[in-house]
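Student: Provided below for reference: sequence and predicted model.
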Amino acid sequence: MCWAVPSVVTKIEGGIAWVDPGDGVERPAVIGIDESALQPGDLVMVHAGVIIAKVDLATLKESMEMWKQMARELAASTGEDPEAAAKIIEEEMWRVLKIAEEAKSGRREAIKELA
């Protein structure tokens, strides 16, 4: 199974974005989304050398309640503590948001912490 790799856009040149997955090595990636929506510093998901999504921090924050509710429902259906499940999701979401914000502010090596 192949996974998308979170990376930071470092520069954009005619349909190609140079991205850093957190190891300091810039790699070319074909822009598979609206190029006008990208700028250096953006966090993106890259799969097979193609940018497939821009990670929007505001959307991640907004979706946290949805993820927590799904965790509650799943936990309740399996006899586990719904609030404990929601807390785990919330803690992980905040961890991901913190790393994404650090990467966007210039600490690109933070991306490696998402693995």
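Tutor: Perfect, I can see it now. All of these numbers come straight from a predicted model, not from anything done at the bench.
Student: longest helix anywhere in this protein?
Tutor: For the chain, the helix that runs over the most residues, judged by DSSP state H, is helix 82-104.
Student: Packing partners of it?
Tutor: strand 5-13, strand 43-47, helix 57-77 (3 or more CB pairs under 8 Å, 6 or more residues apart in numbering; DSSP states H and E). For glycine as for every other residue, the C-beta is placed from the backbone atoms N, C-alpha and C.
Student: I'd like the ones you listed as CSV, with mean pLDDT appended.
Tutor: CSV is the format used below for the helices and strands packed on helix 82-104 (pLDDT from 0 to 100):
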stretch, mean pLDDT
strand 5-13, 90
strand 43-47, 91
helix 57-77, 90
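Student: Can you tell me which of these is nearest to Pro28?
Tutor: Closest approach to Pro28 among the helices and strands packed on helix 82-104 is made by strand 5-13 (8.6 Å; CB to CB).
Student: In that closest one, which residues are buried?
Tutor: Buried residues in strand 5-13, counted by 16 or more other CB atoms under 10 Å: 5-9, 12.
Student: Just want the angle from that strand to helix 82-104.
Tutor: Angle, strand 5-13 to helix 82-104, by axes from the mean of the first three to the mean of the last three CA atoms, to 10 degrees: 30 degrees.
Student: Right, I'll call it a day here.
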